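Novice: structure for the following, please:
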Amino acid sequence: MAQALASVLLPRGGILTSITDSLDVCLFGSIVLVSVLNASRHKGRMQLFWTLQACGAVMSFIAQVMWFWYEVVERKEVPNPFVGDIFLFMAEVPMVAGLLLQPHLEERGNRSRVGIVDFALLLLWWLYLFLFFVIPWQFVQFEEAQYGHNYNVLDGVQGVVTIAILAALWWRTHGGWKIFYGLFCAGEIFSAAADHIINAGIDAHTYFPGKWPDIGFALSLGFFSCLMMYFGGLMPDQKPRQKERRWVSVSTLAVPAMLSLPIMAAWIMFDEGTPTPVRQFRLLITLASMFLMVMLTFVRQRQLSRALSRMNSILQEASITDPLTGARNRRFFDETIASDIDHVLRAYGDEHDEDTRDLVFYLIDADHFKEINDWFGHTVGDRVLVEMARRISTAIRNSDVLVRWGGEEFLVVSRYTNRAEAEILASRVLFAVGDTPFSVEGVENPIEQKCSVGWAAFPFLPEQPEAVSYEEVLSLADRALYVAKNQGRNRAVGMSPGGDARGTLSGLHRIAARTPGAVEARSTLGPGIAQA
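Specialist: As a prediction, this is how the structure comes out:
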């Protein structure tokens, strides 16, 4: 309104110029301020979207301040070509990058991020186009008409691309976001039209600050400021109308940007109608841009390689980890047991490792766990298993491995240990699990949960390390667990050679027949059981 009154009531002169330029500076400043405030209200993709809008507004603000300095402070006519044009031209790039984020979509993981290198590639390419088509006619071989024509064409193409993206976003969204994109697109069309008329007037030397096109330009700036203020609280759509598709992105645009440079170089070589200084300048900036883009691509490739390596590590970790308890799974055991066995066999060939050369398998089973699932439900049962795994982890050493063996059964692989101290770890596990009742969310009273343990050491026969396989030792540990269950639970039973227990361990006669003595079972009682 102020611009309209000034343009209608005031004659051409210093007062009208001061009012027009001051209003434009204030309006661009308000867009910057609103964008920054919106960015501070959000996180993730939305914060990045508003930050990019603020960056674009800052570039336009800088150009307008330079314009204000020429006309109001120094009281000079703004030169044409104007050095601030590059800021106005480049201001569109961060805005478009923000739109390509599709901020209306719900943020999921890292897909919302804009790669800094991708953005730098797009920014460099857009700068290259300005340097290629516009700058030569300003600094290399001055031709005002050619400068204005090329600038208007390139600025027009940029406006069409922005409007097309906004129209596509409007078409794909609904609700508040559809209104936002629709109004944004309408404002961009109106602003581009006013800007085109002003640029045409500048080229024809008929424009002066405060002329009627400035009314439309000021209205568009005020419109953008109000639009961003009103819709600054929009949040990503939790229920999009259609399946999310990353139809275009900054990295997608960066690829054709790079491929265009060789084409531009070929054009320079065969364009004989352009003055030689301009051709040399264009060839120079093309080669420089190609070099910079190759360097950025190399950095991008390094980033992708590292990201892929991290993702592979995450997937590898997930493939060997039980998703419920966080313990290792059977796949991890299968992948690592051969290395553990080789280490043990090598240690038995070295007399210096006698104290830490054994591998002990502990099979741990939750006692009466079916009753917990029956009484409280499987959700509570899962929570008990998670807590049980945590307690077992506190009882074992860092070098030991806890494996979710199946259901409510766990396996502890105790590495670099001495079989003479195996009962100590078994006792620690019994007390860690059963000494304190389990406080479970959703259950009023703590749950009494005990466990039974069966263990056996590899090699089973120290004098003949390879006589009994680790699979057979695991079978012995499983048999020991069965004995512990039969003896009343809440106890640990270990199997070792010696004694006269051959007859009590049916099903193991094949192993026992290869043993110099019988297989012996030794029991360790858990908390709450008195030793007879």
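Novice: please spell out which residues along the helix or strand harbouring Arg331 are buried.
Specialist: For Arg331, the host element (DSSP states H and E) is helix 330-348. Within helix 330-348, the residues that count as buried by 16 or more other Cβ atoms under 10 Å are Phe332, Phe333, Thr336, Ile337, Asp340, Ile341, Val344, Ala347, Tyr348. C-beta: built from backbone N, CA, C; applies to glycine.
Novice: name the residues that touch that helix?
Specialist: 319-321, 353, 356-359, 401, 403-406, 411, 413, 415-416, 458-459, 462, 465-466, 470 (Cβ atoms under 8 Å, 6 or more residues apart in numbering).
Novice: filter these down to the buried ones.
Specialist: Judged by 16+ other Cβ under 10 Å, buried ones among the contacts of helix 330-348: 320-321, 357-359, 401, 403-405, 411, 413, 415-416, 458-459, 465, 470.
Novice: other SSEs contacting the helix ranked longest in the chain?
Specialist: The helix spanning the most residues in the chain, taking DSSP state H as the definition, is helix 276-319. Using 3 or more Cβ pairs under 8 Å, 6 or more residues apart in numbering; DSSP states H and E as the contact criterion, the elements in contact with helix 276-319 are helix 116-133, helix 250-270.
Novice: of these, flag the one that's most buried.
Specialist: Comparing the helices and strands packed on helix 276-319 by mean neighbour count (mean count of other Cβ atoms under 10 Å), helix 116-133 ranks first with a mean of 19.
Novice: gap between that one and the chain center?
Specialist: Offset of helix 116-133 from its chain centre (Cα atoms, centre = their mean, to the nearest Å): 25 Å.
Novice: that helix: what's the following helix or strand?
Specialist: That would be, after helix 116-133 and using DSSP H and E, helix 144-172.
Novice: now the angle from that following helix to helix 250-270?
Specialist: 150 degrees (axes from the mean of the first three to the mean of the last three Cα atoms, to 10 degrees).
Novice: ok, then the element right after helix 144-172?
Specialist: Following helix 144-172 in sequence, per DSSP H and E, is helix 175-203.
Novice: may I see the buried residues of that next one?
Specialist: Neighbour counts over helix 175-203 (16+ other Cβ under 10 Å) mark 177-192, 194-195, 197-199, 202-203 as buried.
Novice: with stretch 141-149 instead?
Specialist: Those would be Glu143, Gln146, Tyr147, Gly148, for stretch 141-149 by 16+ other Cβ under 10 Å.
Novice: how close does the last one sit to Ala193?
Specialist: Gly148 sits 17 Å away from Ala193, going by Cβ to Cβ, to the nearest Å.
Novice: and the residue lying closest to Ala39 once chain neighbours are set aside, how far from Val403?
Specialist: Take Ala39 and drop its neighbours on the chain: the residue closest to it by Cβ to Cβ, 6 or more residues apart in numbering is Trp50, 3.8 Å away. To Val403, Trp50 is 48 Å away according to Cβ to Cβ.
Novice: can you give me the domain assignment for the protein?
Specialist: The record's domain parsing of the chain by automatic domain parsing lists 2-239+246-318, 330-525.
Novice: ok, for Ile19, nearest residue in space, not its chain neighbours?
Specialist: Ala6 (4.5 Å).
Novice: nope, Arg12 is what I was after
Specialist: Phe208 (5.3 Å).
Novice: the one you found contacts Pro11, doesn't it?
Specialist: No: Phe208 is beyond contact range of Pro11, at 10.4 Å (criterion: Cβ atoms under 8 Å).
Novice: circling back: Ile135: which of the buried residues of stretch 141-149 is nearest?
Specialist: Tyr147 (8.5 Å; Cβ to Cβ).
Novice: thinking that closest one is in contact with Gln138, fair?
Specialist: Yes: between Tyr147 and Gln138 there is a contact at 5.4 Å, judged by Cβ under 8 Å.
Novice: joint contacts of the two?
Specialist: Pro81.
Novice: which one is Asp155 nearest to, not counting chain neighbours?
Specialist: Phe89 (6.3 Å).
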